[in-house]
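K.L.:
Next one to model:
(2 chains)
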There are 2 protein chains.
Amino acid sequence: MEDVITLDYGSGGGKTSKLISDLILPLINKDHEKTGALCDGAVLDILKGTGDGNQRLVFSTDSFVVDPRFFPGGDIGKLSVCGTVNDLAMMGAEPAYLSLSFIIEEGFSAEELKTIAMSIGRTAKEAGVRIVTGDTKVVDRGRGDGIYINTSGIGFVDSDLFPEGYSLKPENICAGDSVIVSGTVGDHGTAVMLARNPEFGMGGGEGSDMLLSDCAPLNREALALARGLGKDLRVMRDPTRGGLATALNEFVEDRQDVGIEILEKEIPISDTVRSICDILGLDPLYCACEGRLIAVVSGECEDRALSILKREPHGSGAAVIGHVTEKTPGRLVIRTVLGTGRIAVKLSGAQLPRIC
Amino acid sequence: MEDVITLDYGSGGGKTSKLISDLILPLINKDHEKTGALCDGAVLDILKGTGDGNQRLVFSTDSFVVDPRFFPGGDIGKLSVCGTVNDLAMMGAEPAYLSLSFIIEEGFSAEELKTIAMSIGRTAKEAGVRIVTGDTKVVDRGRGDGIYINTSGIGFVDSDLFPEGYSLKPENICAGDSVIVSGTVGDHGTAVMLARNPEFGMGGGEGSDMLLSDCAPLNREALALARGLGKDLRVMRDPTRGGLATALNEFVEDRQDVGIEILEKEIPISDTVRSICDILGLDPLYCACEGRLIAVVSGECEDRALSILKREPHGSGAAVIGHVTEKTPGRLVIRTVLGTGRIAVKLSGAQLPRIC
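P.N.:
Here you go, the predicted structure:
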């Protein structure tokens, strides 16, 4: 095939088939001979049924427009798998199936598409999800930005994981609960921002100080928490666009009875992220993460939750950062190292557009 | 909110919430107060279970980049619901849930977004599907083309519809089967092409000759066929990009034993489409449909299939157009009105880019 993607590859005819069968499929799905092509639709088994009729399905979608497409620690392909896998996992579901849809700009490099497809395949394998259906569109030059990717995902909630209709949601949060984050915050947003602005001369270099995006699939971490804590796990969220502060706000914004107080000194932030944010006037609490989860758990379980997370590959930096309190209903308050409290509102506009 | 969509609306923060809750949700989903916002994911019931463990789920995805966004008979919103609903329906599934993801170009008109959201809501209602999860991204001006939409869909195959593991697929096709199309072909492709080139001065005007896209949800028609024919229904397909000829080719391209012969004079093509295609040198058999289905059914059942289709809202123009034959294995042959046969191959490149 050609070195660049032309409009013909979006025709739905022979060239589209060739692009999918020759370039994309072998890279994302090693056993594609067995699973068949990424057809218009896939017939799937409903997994994990224990036959008690209470099984639940979780469905999620995300489009990815990150700029630049490659950044330290990840790329748009890895991100597009992690983003949807994590959305499913945050709801207590085991991610099972992904769809994959490309909007490619005419003239896009076939080599780069291969690299992205490989990254998608590798990440799907790590997360244990199967890409089962797909679509490819090509738009004329100047009407896109290289490549945009949509993934949608289906996961299943084990019917014995949360019995009696319990599901993870902010309404479960009670006073006295603990707020846990699985690792340092703001790495992804800051890494993308540096990749976008190489003239800052920070990050991007080799060595121990190199800042990497945290981009990672969190289904192992999330399921371990759900299995280990049951109803003591109240809610989980991956703080992507809008960061930690926006996600925590969303947990309590509709509550008249409780708010969240977090302790500034307990929030894990890498020195690199902290100094870059200082210089650029960004607040790391609003910078996107793509491989971190926030969990609210019952106060008695915080140690157990921490030790569960620390056993998993992407949870080694887990920390308790605060508590749910009746003192500040509906609010997120950040208690500074000086002991003062400041209200942290939701992000309104864009701190950093096209971060995912 | 502002009259145009700015990058802030893609931030994931307060403005994104506002866009979704104030503009999009009320228009696509009248009972959104009950179903909650289009969150990162939706927890769903698995429908139609009869408890025998053979229930199957169908999953499909499509991105829509049609140019122009509004065309006689439809718009990108209607198309984005129909496209995914039809992919599910062609596999014998009852479409149940859709995801909805927007990639909006900075500066896009909020009013136009409303119109599109309304169209999505109306079409979802007609098709009987629920939009349950969504995502909105905004890209900088010049990096998109107004709006691109992805929908993914979940449908369920009734476990008593096709017992014993039977599923609709091209491999089911046998010699002697009949090929049926549910109505005139090429209307969508031709209508979009005219809308894109108003200088041709054809179509787009008021009156009886106005050419409309056939864009429509086909789940009623498809399910009626599946319920009425059982295993006598071999395979269905909606001939979108690449049109009728490409879809029929895909049915038999891997077969050593059978091919398809269609009779040119039996193919329903409107006079308007025929004359426009004549003038412009297009072949209507390769023009996209977005509201037509092709069904291959056992020869004995062709009359029953026709009468089933004709009872449904989008099947009144159904016709038998040809048969499966051992004479031309692996090939689609079109028998002309003069009695000669010509081999019609798959579309290779783009006859008309960005048709859906």
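
K.L.:
Please enumerate the helices of chain A.
P.N.:
A:14-18, A:25-28, A:32-35, A:76-90, A:110-127, A:187-196, A:219-229, A:243-252, A:271-280, A:302-310 (DSSP state H).

K.L.:
Where among the ones you listed is average confidence lowest?
P.N.:
Of all the helices of chain A, helix A:32-35 carries the lowest average pLDDT, namely a mean of 48.

K.L.:
who's in contact with the residue lying closest to residue A:192 once chain neighbours are set aside?
P.N.:
In space, and not counting its chain neighbours, residue A:192 is closest to residue A:71: 5.0 Å by CB to CB, 6 or more residues apart in numbering or on different chains. All C-beta spots, glycine's among them, are computed from the backbone N, C-alpha and C. By CB atoms under 8 Å, 6 or more residues apart in numbering or on different chains, the contact list for residue A:71 reads A:191-192, A:195, A:213.

K.L.:
what's the farthest-apart pair in these?
P.N.:
A:195 and A:213 (8.7 Å; CB to CB).

K.L.:
Looking at these two, which is more packed in?
P.N.:
residue A:213 (26 against 21; other CB atoms under 10 Å in any protein chain shown).

K.L.:
Just read off the phi/psi values of the closest residue to residue A:7 other than its chain neighbours.
P.N.:
Once flanking residues are discounted, residue A:7 sits nearest to residue B:353: 4.4 Å by CB to CB, 6+ apart. In terms of degrees, to the nearest 10, the main-chain angles of residue B:353 are phi -70, psi 160.

K.L.:
ok so, going back, with distance to residue A:85 added, can I get the contacts of residue A:71 in TSV?
P.N.:
TSV is the format used below for these (distance: CB to CB, whole Å):
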residue	distance to residue A:85
A:191	19
A:192	19
A:195	22
A:213	15
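
K.L.:
Out of those residues, which comes closest to chain B?
P.N.:
Of all the contacts of residue A:71, residue A:192 has the smallest distance to chain B: 13.6 Å, by CB to the nearest CB.

K.L.:
Am I right that the closest one is in contact with residue A:353?
P.N.:
No - with contact defined as CB atoms under 8 Å, residue A:192 does not count as touching residue A:353 (10.5 Å).

K.L.:
and the two? which has more neighbours close in?
P.N.:
More crowded of residue A:192 and residue A:353, by other CB under 10 Å: residue A:192, with 27 against 21.

K.L.:
And the more buried one, how far from residue B:135?
P.N.:
Counting by CB to CB, to the nearest Å, the gap between residue A:192 and residue B:135 amounts to 18 Å.

K.L.:
what do you get for residue A:148?
P.N.:
In terms of CB to CB, residue A:148 sits 12 Å off from residue B:135.

K.L.:
so where's the stretch 251-356 of chain A shaky on pLDDT?
P.N.:
A:350-351 (pLDDT under 70).

K.L.:
List, one by one, the residues from it near chain B.
P.N.:
Contact residues (CB under 8 Å from any CB of the partner chain) of the stretch 251-356 of chain A with chain B: A:288, A:345-351, A:353-354.

K.L.:
most neighbours, which of these?
P.N.:
residue A:288 (32 neighbours).

K.L.:
Once you drop chain neighbours, what's closest to it?
P.N.:
residue A:189 (4.0 Å).

K.L.:
now residue A:272
P.N.:
That would be residue A:211: by CB to CB, 6+ apart, it lies 4.7 Å from residue A:272.

K.L.:
how close does that neighbour get to chain B?
P.N.:
21 Å (CB to the nearest CB, to the nearest Å).

K.L.:
now swap in residue A:316 and tell me
P.N.:
Separation of residue A:316 from chain B (CB to the nearest CB): 25 Å.

K.L.:
What segments of chain A are strands?
P.N.:
For chain A, the strands defined by DSSP state E occupy A:41-45, A:56-64, A:70-71, A:74-75, A:94-105, A:130-139, A:147-157, A:178-181, A:233-237, A:259-263, A:294-297, A:319-325, A:332-335, A:341-343.

K.L.:
which residues touch the fourth one?
P.N.:
By that I understand strand A:74-75. Contacts of strand A:74-75 (CB under 8 Å, 6+ apart): A:69, A:82, A:115-116, A:119, A:188, A:212-213, A:215, A:290.
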